[in-house]
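Trainee: Provide a 3D model corresponding to the input given below.
(2 chains, ligands or ions: 1)
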Amino acid sequence: MKPITRLHSRTAVLPDENIDTDRIIPARFLTTTTRNGLGKLCFHDWRYLPDGADNPAFPLNRTEAHGCSILVAGRNFGCGSSREHAPWALLDFGLRAVLCSEIADIFRSNALKNGLLALVIDAPAHRWLLDHPGIELAIDVAGEFVELPDGGRIGFALEPFARHCLLHGVDQLGFLLGQSQAIAHYEQTHPEAA
Amino acid sequence: MNPRTLFDKLWDAHVVVPETPDTPAVLYVDLHLVHEVTSPQAFDELRGRGLAVRRPDRTLATLDHSTPTLPPGPDGQRPYASAEARAQVAQLEANCRAFDIELHGWDSAERGIVHVIGPELGATQPGMTIVCGDSHTSTHGAFGALAFGIGTTEVGHVLATQCLLQRKPKTLAIHVDGALPPGVGAKDLVLHVIGRIGVDGGTGHVIEYRGAAIEALSMEERMTVCNMSIEAGARAGLIAPDEITFTWLKGRPRVPQGEAWECAVACWRALASDAGATYDREIRIDAREVRPTVTYGTHPGMAIALDAPVPAPRNAPEARALAYMRAEAGRPMRGMPVDVVFVGSCTNSRLPDLREAAAVLRGRRVASSVRMLVVPGSEAVRRAAEAEGLHDVFHAAGAEWRVPGCSMCIAMNGDLAQPGQLVVSTSNRNFEGRQGKGARTVLASPATAAASAVAGFVADAREVLAEVAA
Ligand code: SF4
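Mentor: Numbers count the residues shown, from 1 in each chain, chains lettered A, B, ... in the order given. Model prediction:
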């Protein structure tokens, strides 16, 4: 994962609450065995009409939303399954951050591990962003704030290790492999784990 | 020592490296369950780094999600939904061979849905940590194991190190007092709970279900309850192991035998939360208030009693959900015409679930307008059901009796509903398109599902059963 320190973009808004992982990427596409190229399937059944044309009612199909890499979504984004295909698809679709007052646990953990900034902000700021699509934001990972065009700031709290990994591009598997002595010791001292 | 909850005890026993302000805990995983959908990219990662699986002996794989539920055709070929699905299964078979992992594949007499076979084999045991690249891993919490779903990156972490980096979640106690009324079951209870606390009511928490109504549940019913914890957003669901747990597990292939069994049970008895242990949050539910419950919207939190009026939408998304479902505020779900009925999934595909459906279907017919699919959770369930003739009941009623798998729960194997069709389903998710693009899902118990199949509309099993008796 490449280090991520700062991100600038206009926002696109999906105000629906409880956007689940089946909406982000329908299960029938999960027969893939790679993590690449899922962007075209992102939000598939919402984004396209049955004949394959773009659905004009899908907010991210609007011209204003093109090129936006920050998504402001309704409360409880990413609920449902543990499929990491959801963040893979969002990233490949071009998104780099999701701002929300509440994000489902497994989705958030998966997103951060892939460098998709799944950030929880407070409800009033969230409401305001939902009501003001298309505004230019800067996300400062180190400072843990989102900067508004007028210089105002919205704070977010990242789990410190997740933040450290984002800022330095830390390889978490590498970190865990570095604990192998402790793991071996645990296995030796816990007979049921031996 | 301070009084500890069941969760605290499970957590403490598995900490390899304690958490610090800067780093999460390194948590040991006792059992890693693997299936074809969320593992291929993780095995590729291992291969790319030249890593082995640290504990193949603690890893157990099965085929369930992409697998057809129809038997092989005359040409001996299994009817996969696509070449990609076939390739995905072949890839898990190859990965298990290459990394020396036990796979319950097509030739296994124990193959089935990952959350059905873990307990059946006795691989799932109290006191364990259990993970799988699948959110319904919460099912195994019914045994007093800390069990939760992980993403594919973490599947790679566990394959390579048998550990995960985890922050300690919060705890939520849900006390269910009293007794469930007759004809009301575990599925009704858990839908009722999610309806009460919402689809994000458990976010960041591990739920412990407690109280008289929970203690009275069978193991299968406890699995149904814990299974759906994730639908309330919880990391995991837990129920303290007790005599019902030990009786259910005794003699299963992977549990300790003989003296070791007595010793294990003694340890497991000590897992229950201590008197005076505290939780971050507590909720009380009265079991006597629970009625047969179904969903009316497009997430599991939109749940109400079968005969209660659908509530008026409180916002635009709820209005859209009602429009999608073609549900009408002010009218109950009971009476809504049904196209498809699905009995199956890791929520309700065990023997007692099939018995519950069969009890309603015995001597009755599935309405001519309805297609009904019954998919056992595992080969063992299939054998047991056939041994007592349940398949004959389903056939006689006009339902399809299939080979085990996830089937229409996730609709990625070709078993699916057509756009606009209404499905009464014993599975766990009613998201838009979950059972096929444009399909409308009503989550329900096996009894409600079977009753709806007979009636041709969403129906109360108690009434269907009473009709013939009269
Ligand atoms: S039955 Fe459904 S919920 Fe259970 S593991 Fe299979 S797809 Fe997931």
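Trainee: give me the number of residues near B:Ile285?
Mentor: B:Ile285 has 21 neighbours, counted by other CB atoms under 10 Å in any protein chain shown. For the C-beta atoms, the positions are set from N, CA and C on the backbone; glycine is no exception.
Trainee: What separation is there between it and B:Arg235?
Mentor: From B:Ile285 across to B:Arg235, the span is 20 Å (CB to CB, to the nearest Å).
Trainee: All the helices of chain A, residue numbers only.
Mentor: Using DSSP state H, the helices of chain A run over residues A:21-24, A:44-47, A:85-93, A:105-113, A:123-131, A:160-168, A:172-177, A:180-189.
Trainee: Could you dump the ones you listed into TSV and include mean pLDDT and mean neighbour count?
Mentor: Below are those laid out as TSV (pLDDT from 0 to 100; neighbours: other CB atoms under 10 Å in any protein chain shown):
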stretch	mean pLDDT	mean neighbour count
helix A:21-24	96	27
helix A:44-47	96	19
helix A:85-93	97	25
helix A:105-113	96	26
helix A:123-131	97	15
helix A:160-168	96	18
helix A:172-177	96	18
helix A:180-189	97	14
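Trainee: In CSV, list those helices along with distance to B:Glu262.
Mentor: Shown next, in CSV, are the helices of chain A (distance: least, CB to CB, whole Å):
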stretch, distance to B:Glu262
helix A:21-24, 44
helix A:44-47, 54
helix A:85-93, 45
helix A:105-113, 37
helix A:123-131, 53
helix A:160-168, 42
helix A:172-177, 36
helix A:180-189, 23
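Trainee: which SS state does the residue lying closest to B:Asp12 once chain neighbours are set aside fall under?
Mentor: In space, B:Asp12 comes closest to B:Arg4 once its chain neighbours are excluded; the distance is 7.3 Å by CB to CB, 6 or more residues apart in numbering or on different chains. Classification of B:Arg4 using DSSP: H, G, I helix; E, B strand; the rest coil returns coil.
Trainee: so B:Arg4 touches B:Ala277, yeah?
Mentor: Yes - counting by CB atoms under 8 Å, B:Ala277 is a contact partner of B:Arg4 at 5.5 Å.
Trainee: got the contact list for B:Ser445?
Mentor: Neighbouring residues of B:Ser445 by CB atoms under 8 Å, 6 or more residues apart in numbering or on different chains: B:185-188, B:292-293, B:348, B:356, B:426, B:461.
Trainee: so what pLDDT did it get?
Mentor: You'll see B:Ser445 listed with a pLDDT of 98.
Trainee: What about the closest residue to A:Trp88 other than its chain neighbours, how many residues nearby?
Mentor: Residue nearest to A:Trp88 in three dimensions, not counting chain neighbours: A:Arg35, with 4.6 Å by CB to CB, 6+ apart. By the criterion of other CB under 10 Å, A:Arg35 has 20 neighbours.
Trainee: Can you pull the domain assignment for chain B?
Mentor: B:6-166, B:170-289, B:293-469 (automatic domain parsing).
Trainee: Which strands border the longest strand along chain A, and is each parallel or antiparallel?
Mentor: Under DSSP state E, the strand in chain A containing the largest number of residues is strand A:6-14. Strand A:6-14 pairs in its sheet with strand A:70-73 (parallel), strand A:136-140 (antiparallel), by DSSP bridges.
Trainee: between these, which gets nearest to the ligand?
Mentor: strand A:70-73 (23.5 Å; CB to the nearest ligand atom).
Trainee: Among the helices of chain A, single out whichever gets nearest to the ligand.
Mentor: Proximity to the ligand (CB to the nearest ligand atom) singles out helix A:21-24 among those, at 10.8 Å.
Trainee: so, in contact with chain B or not, that closest one?
Mentor: Yes - counting by CB under 8 Å from any CB of the partner chain, chain B has neighbours in helix A:21-24: A:22-23.
Trainee: Near the ligand, which residues of chain A? Just list them.
Mentor: Counting by CB under 6 Å from any ligand atom, no position of chain A is adjacent to the ligand.
Trainee: With the stretch 101-250 of chain B instead?
Mentor: Residues of the stretch 101-250 of chain B found near the ligand (CB under 6 Å from any ligand atom) are B:113-115, B:134, B:136.
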